[in-house]
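K.L.:
here's my sequence, what's the structure:
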Amino acid sequence: MKKVVFLALSVLALVACSSDSKVSEPEPLTIQWSLSGTFGGSVLDSLRSDMNLTGNVNRSASTTLHLNGYDTTYFENKIVVEHVMNGIKREAEIDEAGNFTFRNADAIVLQGRNDVRFTPRAKGNVNLSPWSVTVRAMVY
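P.N.:
Just a heads-up that it's a prediction; the model follows:
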């Protein structure tokens, strides 16, 4: 009988301890980032907000940009390059240095104005600021 009472008390103590201890989520972390490089003859220098490109974009070329603030602790190694008006999305891989390359023809699809949004992917409980950057390019 003593063994049964002791066992029952042990189980109750374990249940009481496990119900009180909650695993807390880590606090959200906000990471600042920006883009640098040359796209269509326009220099992007720590770009953090939307921008109109001043140069023409060559659709047959490729572009390599740098994601400032890139750290594999907070970012996945992918960035989405999206033609906003058509909803065409392509993923580009980000290397360990924070560079990524994409074909201009995947991002610039129209004659005239093209809005291209760059959206990096964050890991876990990370918020990116800004969440994306859009550049407006003209193709004639």
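
K.L.:
report the contact partners of residue 91.
P.N.:
Residues in contact with residue 91 (C-beta atoms under 8 Å, 6 or more residues apart in numbering) are 78, 79, 80, 81. Glycine gets a C-beta too; all of them are placed from N, C-alpha and C.

K.L.:
quick check: which helices or strands does the helix or strand harbouring the last one pack against?
P.N.:
Secondary structure here is read from DSSP states H and E; on that basis residue 81 sits in strand 75-83. In this structure, strand 75-83 packs against strand 88-93, helix 104-107, strand 112-122, with contacts taken as 3 or more C-beta pairs under 8 Å, 6 or more residues apart in numbering; DSSP states H and E.

K.L.:
could you tell me the least trusted of these?
P.N.:
Between the helices and strands packed on strand 75-83, the one with the least mean pLDDT is helix 104-107; it has a mean of 87.

K.L.:
mind checking the helices and strands packed on strand 75-83 for the one nearest to residue 61?
P.N.:
Checking the helices and strands packed on strand 75-83 against residue 61 by C-beta to C-beta gives helix 104-107 as the closest, at 5.2 Å.

K.L.:
can you list contacts of the strand holding residue 81?
P.N.:
Contacts for strand 75-83 (C-beta under 8 Å, 6+ apart): 31, 33, 67, 88-95, 100, 102, 106-110, 114-123, 126.
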